[in-house]
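K.L.:
Here is the input, now give the coordinates:
(3 chains)
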Amino acid sequence: MHKTNATNKSPRGNFFEDFKIGQVFQHATPRTLSDGDSALYIALTGARQVLHSAQPVAHAMGYQNRTIDDLLAFHIALGKTVPDISINAIANLGYAQVQFVRPIYAGDTISAKSTVVGLKQNSDGKSGIVYVQCEALNQDHQVVISWIRWVMVRKSNLDTPAPETVIPELSKVVNAKHLNIPSNIEYDGFDTSITGSSFVWDDYEIGEVINHPSGMTVDESDHTLATKLYQNPARLHFDASKSTYGKRLVFGGHVMSVCRALSYEGLENALSIAAINGGAHCNPTFGGDTLYAHSEVLDRWEIPGRTDVGALRLRLIGVKEKPLRFLSDAASTINGKQSYNPNVVLDLDYTVLMPRR
Amino acid sequence: MHKTNATNKSPRGNFFEDFKIGQVFQHATPRTLSDGDSALYIALTGARQVLHSAQPVAHAMGYQNRTIDDLLAFHIALGKTVPDISINAIANLGYAQVQFVRPIYAGDTISAKSTVVGLKQNSDGKSGIVYVQCEALNQDHQVVISWIRWVMVRKSNLDTPAPETVIPELSKVVNAKHLNIPSNIEYDGFDTSITGSSFVWDDYEIGEVINHPSGMTVDESDHTLATKLYQNPARLHFDASKSTYGKRLVFGGHVMSVCRALSYEGLENALSIAAINGGAHCNPTFGGDTLYAHSEVLDRWEIPGRTDVGALRLRLIGVKEKPLRFLSDAASTINGKQSYNPNVVLDLDYTVLMPRR
Amino acid sequence: MHKTNATNKSPRGNFFEDFKIGQVFQHATPRTLSDGDSALYIALTGARQVLHSAQPVAHAMGYQNRTIDDLLAFHIALGKTVPDISINAIANLGYAQVQFVRPIYAGDTISAKSTVVGLKQNSDGKSGIVYVQCEALNQDHQVVISWIRWVMVRKSNLDTPAPETVIPELSKVVNAKHLNIPSNIEYDGFDTSITGSSFVWDDYEIGEVINHPSGMTVDESDHTLATKLYQNPARLHFDASKSTYGKRLVFGGHVMSVCRALSYEGLENALSIAAINGGAHCNPTFGGDTLYAHSEVLDRWEIPGRTDVGALRLRLIGVKEKPLRFLSDAASTINGKQSYNPNVVLDLDYTVLMPRR
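P.N.:
Numbering: from 1, shown residues only, chains lettered A, B, ... in the order given. Reported below is the predicted structural model:
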């Protein structure tokens, strides 16, 4: 019986031994963003952040138009890096220094680029950690988002010798002076009746905890639609047989987005995300899980040269099945290592911009 | 053990005792509508109404562009009122005098405002009925939709004395002379081959019943995507633990939209909705239910000063699981009170505009 | 007891005896396409084809803008023909000579028209085959897509005599010289780093098989959202009680779209679809099925007068539950008739355009 033989046209992605320090990837398929993406993002997450929803409000502050949601843009940019960086990943280990550099508008076309900045083979010789410094660029080749990410990637050829270990220095937090606030954007006179809350930067205190009152069940169609919208082709989100859990795993970025949307109630004036300092997807989320969100104010910064806007560093905890009674139940530190409550799915450290009084 | 204490930043919404006659709410988060919202609305409902689908058809009649679906705009406007008016509601009791005042286009930004026009505490002292007169405004501060709605809202502090009872006078029907038809919109020469049916206003008779032939199953993702698109944060639609049914309740407005879409087959030339006279969500709808629609012509009006367009007052009955054999099975009147068949989920009284021969 | 009587306003569609050779249908409800449709199509299918995703890439080649996905446009155009042609169909038997004549952009309005070109009553006298030649037109009355389709349609009045049998001559394949490539579109200098694969037309060989590595589960909400987006009202997709399978059937066009999206990995430079030569929906697909795709290069053509672009004739096999081990497992020929593996859901013969080296 004649059997046709398959050729090697379908991409195998990169394995640990394929990465070299300094290597640059220009990732495939630039993506033009549109009002359609924004409408879908609202439908998928329930987001109500005003800068992404209301053109006149954004315009009055100095933006050209309402902006594309920061996380929508980030997920799309990150999705572009997957085929080259993490299609053979075992685990997404972390993010650092995620900076939202410029506003993104409907009509902009985003492409992504990564540079390998760190490598460390695991002691079992079967996998290793790859650190990449990534940039999302718009059609004018301006950086719109930059970030560092590290993933654990399988080796394909176990005989390849281990590369020299290089671990990049990572900031634990993006310093207030590195936050990007275009000088033409004005928060003066921002009318908080537009967002439904009068609480502004001045009203939040370090250590303050906000238990956001709403919950949201994530169905299989929701998260797969979202992940396809982000053009993230990681297989375990779409095909249970590619997931070690035996069911489709919800993309961690989408969990982030749903929790950010839930956090609207209590953080109505957190108008945009300036940075993500770090984050952990502590436990998996699956279709059918109901998510709840809690926020803690980690820090509160003035912005150099500005009296109209300040930054809040927030911890966003996402929990499934039922809200935490106390934020301290989220995690405990055992022998110097964070140990998470099994229902905690997200522990995100990020920085938002808020108008001042 | 140290427990961080949550603060009161997350909104509690208003309880019955918080409402005062004459009080005005400027609701939060204006929303710019786009072609993305229209595409999603088509995907979520299967709507085929031509004024919302086809730019050249709408333009030829005098519209600037194809219009945003009347119900899509209404649901978004209504969603804006939820955090202030009905986040603590026990039940949505009714609508009256819903008037579609001006066409809405992609690019328009809608905000909403409510005035308390009626209050009546319930005899058990634990809740009361709040009547609000609402307006949706566009970016030019023009009223685009207006309506009255009443909801039963919980009391938080049961010791608050009952307010004076005020019940607004409500019209049972929006009179033909109050229907808004822009003078520049022309129905003359409307080509019915565009909609697939030659039946126009002249062909419908009072008492006539149309059994729309199609049915549509509503899945959990559909209705939650829709309700998030409408930015309606009422919790019982997203979180089974917040619903007295132990499962997520489908937003009644989305049931209305699906039934309106199903009614296309038999009402192809009902080009737009001019008014909603009243309506009841007779029984709950849940994910997995299959909806069917029946229409009855309640009345047929000429429009003062127009020979090219007429109005039909319709009753739209939405039924789950299987279509009714006879419309009279929908409800019976027992001791002066409507008693609905348990499968009837919607009884809507509304007015459409149709070209005349 | 008084029973209101339903009237005949709701359309019954056409039955076999209603079709006459030469009869022309102008199908209802033209549809303006938008960026919203494109965003939804990406979310529903995971498509990453660059001409539909990235405005600057399309523009650099000579297109006015990024184009509407070929299959999205085809499904919408086909959906328009359903109420007149196939609402009473028992089976969709085939397509031939599907030609993508002109690029379609956001803002274009598509309408559809069909001419009856063949009729053959079945021997049992209860149904017959209707062949239609169809065209999708844009707002400037230019043909954008043309195709032939044949469906088996029920008779309503079994006493109607059989029409004279007319079977149109169908090409098995759209010849390379009939493929439409606008003369202003240039593939010279196409930068394959944009798509992530350096394999171009020159690299594919006849007989070559590509096993696309990803799989995608199709949920009930996905396929019903897609079919509603396409405004295809065929009832068996939305209402299990209208499906002979006792569950909702996934629209075959959507299966085609998901498989085309999966085929990106290995056919990254198959920039657009020029023709569909034929296709079979071999077995039904249902919500919950996971789809995989395999491609075989059937033929490889130069395009007359062009050295920058070539055509590949491809066979796209869609399989549910698990990928085929060998493409030859898809179907065997028994007594001259194709017999499909029960997991094979799609066998599509189509032609793509690819840049040359």
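K.L.:
going forward, measure contacts between C-alpha atoms and count neighbours the same way
P.N.:
Noted.
K.L.:
Nearest to the spatial middle of chain A, which residue is it?
P.N.:
A:Gly253 (5.1 Å; C-alpha atoms, centre = their mean).
K.L.:
Identify the residue nearest it in space, chain neighbours excluded?
P.N.:
Of all residues not flanking A:Gly253 in the chain, A:His75 sits nearest, at 6.4 Å (C-alpha to C-alpha, 6 or more residues apart in numbering or on different chains).
K.L.:
May I ask you to confirm that that neighbour belongs to a helix?
P.N.:
Yes. Assessed by DSSP: H, G, I helix; E, B strand; the rest coil, A:His75 belongs to a helix.
K.L.:
C:Val50 versus that one, what's the distance?
P.N.:
Taking C-alpha to C-alpha, to the nearest Å as the measure, A:His75 and C:Val50 are separated by 18 Å.
K.L.:
Between the two, tell me which one has more neighbours.
P.N.:
C:Val50 (26 against 22; other C-alpha atoms under 10 Å in any protein chain shown).
K.L.:
Wait, the more buried one touches C:Ser272, no?
P.N.:
No. Using C-alpha atoms under 8 Å, C:Val50 makes no contact with C:Ser272, being 9.1 Å away.
K.L.:
Return the backbone torsion pair for A:Leu93.
P.N.:
phi -90, psi -30 (degrees, to the nearest 10).
K.L.:
Just give me the neighbour total for it.
P.N.:
By other C-alpha under 10 Å, neighbour count at A:Leu93 equals 16.
K.L.:
what's near enough to touch it?
P.N.:
Each residue near A:Leu93 by C-alpha atoms under 8 Å, 6 or more residues apart in numbering or on different chains is listed here: A:Arg149, A:Trp150, A:Val151, A:Met152, A:Ala280.
K.L.:
could those go into TSV alongside distance to chain C, secondary structure and neighbour count?
P.N.:
Formatted as TSV, the contacts of A:Leu93 follow (distance: C-alpha to the nearest C-alpha, whole Å; DSSP: H, G, I helix; E, B strand; the rest coil; neighbours: other C-alpha atoms under 10 Å in any protein chain shown):
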residue	distance to chain C	secondary structure	neighbour count
A:Arg149	21	strand	22
A:Trp150	21	strand	23
A:Val151	20	strand	21
A:Met152	20	strand	25
A:Ala280	26	strand	16
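K.L.:
among those residues, which two are most distant?
P.N.:
Within the contacts of A:Leu93, A:Met152 and A:Ala280 form the most distant pair, 14.1 Å apart (C-alpha to C-alpha).
K.L.:
Near chain C, which residues of chain A? Just list them.
P.N.:
A:2-11, A:26-32, A:34-37, A:39-40, A:109, A:139, A:220-221, A:224-231, A:233, A:235, A:238-239 (C-alpha under 8 Å from any C-alpha of the partner chain).
K.L.:
ranges for the helices of the stretch 201-350 of chain A?
P.N.:
A:220-229, A:252-262 (DSSP state H, counting those that start in this stretch).
K.L.:
Now do the shortest one and helix C:220-229, the angle between them.
P.N.:
Spelled out, that is helix A:220-229. Interaxial angle, helix A:220-229 versus helix C:220-229 (axes from the mean of the first three to the mean of the last three C-alpha atoms, to 10 degrees): 60 degrees.
K.L.:
contacts for helix A:220-229?
P.N.:
A:37, A:41, A:44, A:76, A:233, A:237-238, A:250-251, A:254, A:286-288, B:221, B:225, C:39-40, C:42-47, C:219-222.
K.L.:
Run the chain-centre distance for stretch A:26-40.
P.N.:
Remark: stretch A:26-40 is offset 16 Å from the chain centroid, using C-alpha atoms, centre = their mean, to the nearest Å.
K.L.:
quick one, strands of the stretch 201-350 of chain A?
P.N.:
A:209-217, A:272-280, A:290-302, A:309-320, A:331-334, A:337-340, A:344-355 (DSSP state E, counting those that start in this stretch).
K.L.:
With mean pLDDT and distance to C:Pro56 added, can I get those strands in TSV?
P.N.:
Below are the strands of the stretch 201-350 of chain A laid out as TSV (pLDDT from 0 to 100; distance: least, C-alpha to C-alpha, whole Å):
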stretch	mean pLDDT	distance to C:Pro56
strand A:209-217	97	37
strand A:272-280	96	27
strand A:290-302	97	38
strand A:309-320	98	35
strand A:331-334	87	47
strand A:337-340	88	45
strand A:344-355	98	32
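K.L.:
nearest to B:Ile167, of those strands?
P.N.:
strand A:209-217 (32.1 Å).
K.L.:
got the CA positions of the closest one in CSV?
P.N.:
In CSV, the C-alpha atoms belonging to strand A:209-217 read as follows (Å, rounded to 0.1, in the frame of the first residue of the first chain):
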residue,chain,number,x,y,z
VAL,A,209,-7.2,46.3,49.8
ILE,A,210,-10.1,46.4,47.5
ASN,A,211,-12.4,43.3,47.2
HIS,A,212,-14.0,43.8,43.8
PRO,A,213,-17.6,42.7,44.1
SER,A,214,-18.3,41.0,40.8
GLY,A,215,-17.4,37.5,39.5
MET,A,216,-17.2,36.2,36.0
THR,A,217,-17.5,32.7,34.7
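K.L.:
Packing partners of it?
P.N.:
helix A:252-262, strand A:290-302 (3 or more C-alpha pairs under 8 Å, 6 or more residues apart in numbering or on different chains; DSSP states H and E).
K.L.:
what about 10 Å?
P.N.:
The elements that strand A:209-217 packs onto, with contact taken as 3 or more C-alpha pairs under 10 Å, 6 or more residues apart in numbering or on different chains; DSSP states H and E, are helix A:252-262, strand A:290-302, strand A:309-320, helix B:220-229.
K.L.:
Indicate which one of these is closest to C:Val200.
P.N.:
Across the helices and strands packed on strand A:209-217, C:Val200 has its closest neighbour in helix A:252-262 (33.5 Å, C-alpha to C-alpha).
K.L.:
And the closest one, what does it pack against?
P.N.:
helix A:35-45, helix A:70-85, strand A:209-217, helix A:220-229, strand A:290-302, strand A:309-320, strand A:344-355.
K.L.:
Make JSON lines out of the ones you listed and add distance to A:Ser156.
P.N.:
Below are these laid out as JSON lines (distance: least, C-alpha to C-alpha, whole Å):
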{"stretch": "helix A:35-45", "distance to A:Ser156": "37"}
{"stretch": "helix A:70-85", "distance to A:Ser156": "14"}
{"stretch": "strand A:209-217", "distance to A:Ser156": "38"}
{"stretch": "helix A:220-229", "distance to A:Ser156": "27"}
{"stretch": "strand A:290-302", "distance to A:Ser156": "37"}
{"stretch": "strand A:309-320", "distance to A:Ser156": "35"}
{"stretch": "strand A:344-355", "distance to A:Ser156": "30"}
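K.L.:
closest to B:Val344 out of the ones you listed?
P.N.:
Closest among these, using C-alpha to C-alpha: strand A:209-217, at 26.6 Å.
K.L.:
quick one, what contacts the residue of the stretch 51-200 of chain A found nearest chain C?
P.N.:
Residue of the stretch 51-200 of chain A nearest chain C, by C-alpha to the nearest C-alpha: A:Thr109 (6.6 Å). Contact analysis of A:Thr109 by C-alpha atoms under 10 Å, 6 or more residues apart in numbering or on different chains lists A:30-34, A:136-141, C:53-57.
K.L.:
please redo it, this time with the cut-off set to 7 Å
P.N.:
If a contact means C-alpha atoms under 7 Å, 6 or more residues apart in numbering or on different chains, then A:Thr109 has A:Pro30, A:Arg31, A:Thr32, A:Leu33, A:Asn138, A:Gln139, C:Ala54 as its contacts.
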